[in-house]
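Participant: what shape does this take:
(chains A and B)
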Amino acid sequence: MAGFVPDWSLQRKGATDQRRHLEKIKQALKERLPDLISEESIVASDGKRVLKVPIRSLEQYKFRFHPWQGDRVGQDQGQGQPGDVLGKLPKAGQGSGKGGKPGESPGVDYIEAEVTLDDIAGLLFDELGLPYLKPKPQASLPQPTWKFKDISPKGLMGNLDKRRSLRENLLRNAKNGPPKVGGWRESDLRFKTWVEEPQPEDNAVVIAMRDISGSMGDFKKLMARTFAFWMLKFLRTQYQAVEVVFLVHHTQAREVTEDEFFQLGESGGTKVSSVYQLCQEVIETRYSPARWNIYPIHFSDGDNWSDADNRRTVEILETLLPVVNVFGYTEIREGGYTSTLMSAFSRVKHPRFRMVTITQRQDVYPALKTFFPRKEG
Amino acid sequence: MSHRTYPSDRDIWSLAREMGLDPYPVLFESVPAAVLYEFAAYLIPGRMSHWSYGKAYHAMKTRYDYGLNKLYEMVINSNPAYAFLLESNSDLENTFVRAHVMGHVDFFRHNQCFQHTVPDMIDVVSRHADRVRQYEFEVGREQVERFLDAVLALEEHVSPPGPVVGRTGRARGRPERLHASIRGADWGWRPEPNRVPEVKAGTEQDDDLLLFLLRESRHLEDWQRDIIGMVRDEMLYFWPQIRTKIMNEGWASYWHVALMREMQLTDDDYLDFARLHSQVTAPMMYQVNPYALGYAIYCDLEQREGRDAIFLARTVDDDVSFIRNYLTEDVVASLNMMVYGAEQDEVILKSRAAEMVREQLVRELVHGGIPVIHVDDGDFNQRGELYLIHRHEGIDLDIPYAERTLHYVQQIWGRPVHLETRADHKRLILSFDGKADSKVVL
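Facilitator: Numbering: from 1, shown residues only, chains lettered A, B, ... in the order given. Purely as a prediction, here's the structure:
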């Protein structure tokens, strides 16, 4: 054993175990995604705010004493007298979530992970995918392209930039005497170099449609907003440019701004075909399916005016489906029965047509996964 | 820049021996902060892998990176002892730390709480780590981790072997054999006028929850029993350190002062040393600084009864008996010690009386500040259910925590488990059958 010196740095596990701990936090957050993504404060936030998310599953539970019962021994500066108030107790049960588990009152100081909007988005988008990306026509397939755009003092002789090299040579000579060309040195030479041109990316357009008839209340608005928020955020990570067209309708449809889209509340009946009609026009006039990935999404409570209009709506939908990537119909209602519109839609069997129902906040997450399933396409 | 030379490891060790200490040989190693903090998080190098150690490491390292705290050293109780010094320590800091380490290593060698700790624990834990890794290959990482989560939650519930020999343990038979009446009466440390050599026998197997589960659960596979055994062995190794924190840090502080005084320090170095010593013994608001308290008690005791007395204490006491026997009024006053506690929603300073401080501190230190959980019945209801009793000594359990910890007990036991305790002066039985929690107030 003499002279044996163990290499202590080989013993290291801290980094691996630390990573495992972070992985577990991530996993725990993932399990809470349905709650997290429909948190109103997140959707409304500017993305910079840090949220504290309690993670109970990572607390290291032990048999331990009640944290505030009984006395303690401590040291101070010697100035206090018996009877002096040293501080306030933390409030019992503070920070415990809604619908607290069995007697969450004493020292529940569970771990809180600090997350930003981007963290949540990252976790969510890991779970989502883009189905039915359209194959591009052969001719428009972008070739990898290079352009000579830059100049460098080193390079291949074949790429010599004669004009710039002459200029360098002349400049150097002029600094040291008569301005003339000659007496070449290696350092005078300038070469053209290439840069890779960024490939033209696919573009996408979201055509967001919303029912603003009298029956769409605050909850429905919030759900539509939450869903649209994540959908847009997700598509923006997938495409270089995502355009959004906002359409609203009651018995008539029109195009509005983003703010109006999320805020408008009007009374009146509902004629869904009107907005599908408008959607079709928008695609025909502005977004050629050959060049755009098209994602129409419609939010409604499914309370349509008549069966005749339901049939008309289905007809338009069927003409739209071949040209879009995914057409989403999101029915938002607070309980109740399947709407007539949904029954009409349920006969549409097309892989690009997705239908979901949202009746509570937690449904937003599975709805997103239905529209953007991970393994397909 | 001073060019003076500082005493070598060897010099300091010899000086320590000349002054009456008897430490194991000590091997000093300089390591970078990341390594030192890792050892501190795992408490010993090479220990098995678990995310909870990673969490501790992350927290400690972050505090270091932000300059919030600094560890100068980490010393391992083994023979030879290992002491790890922070690479960035100055020469004077290292001299100070080496002197301090001599106190620890002498303490490990002579305090009788440590008489059962093995001399080669670093090898033991690295064999444990190998076996855990092997099990991860065999049964899957998730499985092992989930099981370790449960076992580590209960790791504190072990009973160290006492000095008494001749126990015929090995009760491999049926659970019934292990029942015993609740021996609450002889547990607490009652005040006694004279000094009590207070190394507690505490050998009742039924206070050793891990040992009981290891032997009696019919639900475990071999690898699981092995893991319980390893965690238990590691805890038994650390248990004396938990029980002698004040004595051990105090002894090391006493000796870094005594040894540094013997060295020929320049005025500058002496000033730096004084600063280091006062950092280490600085009062922590509303807590007790174990370095300061232990140091003050040894100094006070030596003044009153001479150096032999402190050597005797270092050999036979643990924190509980040390405080009970030697915490005097002078020490309480010089350290501004006081008792405080909650009244309604306020924290009140309750007393500065030495007697109160002593009693309260002893209460905090009994059993390392860990609730005692006693196995009452391994065949409760004649259905193989486990019945545990928390030995209530004045303070309730944190009930939500207890409920969730009980899930871990059930995971290991495999059958329904019950825990009897008291809360708000009422008897309370918490149960978990693998699916549902229940709580009965009697």
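Participant: for chain B, what is the nearest residue in the stretch 151-300 of chain A?
Facilitator: A:Thr237 (28.9 Å; C-beta to the nearest C-beta). From N, CA and C alone the C-beta is placed, and that goes for glycine too.
Participant: host element of that residue?
Facilitator: helix A:218-238 (DSSP states H and E).
Participant: what average pLDDT does that helix get?
Facilitator: Taken as a whole, helix A:218-238 has a mean pLDDT of 84.
Participant: cool, and stretch A:174-181?
Facilitator: The model assigns stretch A:174-181 a mean pLDDT of 87.
Participant: now the end-to-end length of it.
Facilitator: Across stretch A:174-181, the terminal residues are separated by 9 Å (C-alpha to C-alpha, to the nearest Å).
Participant: could you check how far B:Ile122 is from B:Ile323?
Facilitator: 31 Å (C-beta to C-beta, to the nearest Å).
Participant: quick one: which of the two has more around it?
Facilitator: Shown here are B:Ile122 and B:Ile323; by other C-beta atoms under 10 Å in any protein chain shown, B:Ile323 has more neighbours (28 against 19).
Participant: looking at this, that one is in a helix?
Facilitator: Yes. Remark: B:Ile323 belongs to a helix, assigned using DSSP: H, G, I helix; E, B strand; the rest coil.
Participant: please name the nearest non-neighbouring residue to the residue of the stretch 151-300 of chain A closest to chain B.
Facilitator: A:Phe125 (6.0 Å; C-beta to C-beta, 6 or more residues apart in numbering or on different chains).
Participant: which element, helix or strand, includes that neighbour?
Facilitator: Following DSSP H and E, one finds A:Phe125 within helix A:117-126.
Participant: which outside residues touch whatever helix or strand comes next after that helix?
Facilitator: Note on helix A:117-126: by DSSP H and E, the next helix or strand toward the C-terminus is strand A:146-152. Residues outside strand A:146-152 that contact it (C-beta atoms under 8 Å, 6 or more residues apart in numbering or on different chains) are A:159, A:161, A:164, A:190-197.
Participant: lowest pLDDT pick from those residues?
Facilitator: Among these, pLDDT bottoms out at A:Glu197, giving 59.
Participant: follow-up on the earlier one: flag every buried residue along the helix holding A:Thr237.
Facilitator: A:220-235, A:238 (16 or more other C-beta atoms under 10 Å in any protein chain shown).
Participant: A helix includes A:Glu331, no?
Facilitator: No. Assigned with three-state DSSP, A:Glu331 falls outside any helix and is strand.
Participant: what is it paired to in the beta sheet?
Facilitator: In this structure, A:Glu331 bridges to A:Ser300, A:Thr357 when assessed by DSSP bridges.
Participant: dump the residue contacts of it.
Facilitator: Here A:Glu331 is in contact with A:300-302, A:339, A:341-342, A:355-358 (C-beta under 8 Å, 6+ apart).
Participant: quick one: which two of the residues you listed are the most distant?
Facilitator: Put simply, by C-beta to C-beta the two of the contacts of A:Glu331 set farthest apart are A:Leu341 and A:Ile358, 14.7 Å from each other.
Participant: got a list of what the residue lying closest to A:Val324 once chain neighbours are set aside touches?
Facilitator: Of all residues not flanking A:Val324 in the chain, A:Ile294 sits nearest, at 4.4 Å (C-beta to C-beta, 6+ apart). Neighbour list for A:Ile294: A:204-205, A:207, A:283, A:287, A:323-325 [criterion: C-beta under 8 Å, 6+ apart].
Participant: among these, name the ones in strands.
Facilitator: Residues of the contacts of A:Ile294 located in strands (DSSP state E): A:204-205, A:207.
Participant: separate out the buried members of these.
Facilitator: Members of the ones in strands among the contacts of A:Ile294 classed as buried by 16+ other C-beta under 10 Å are A:204-205, A:207.
Participant: look at A:Gly269 and report its pLDDT.
Facilitator: pLDDT, A:Gly269: 77.
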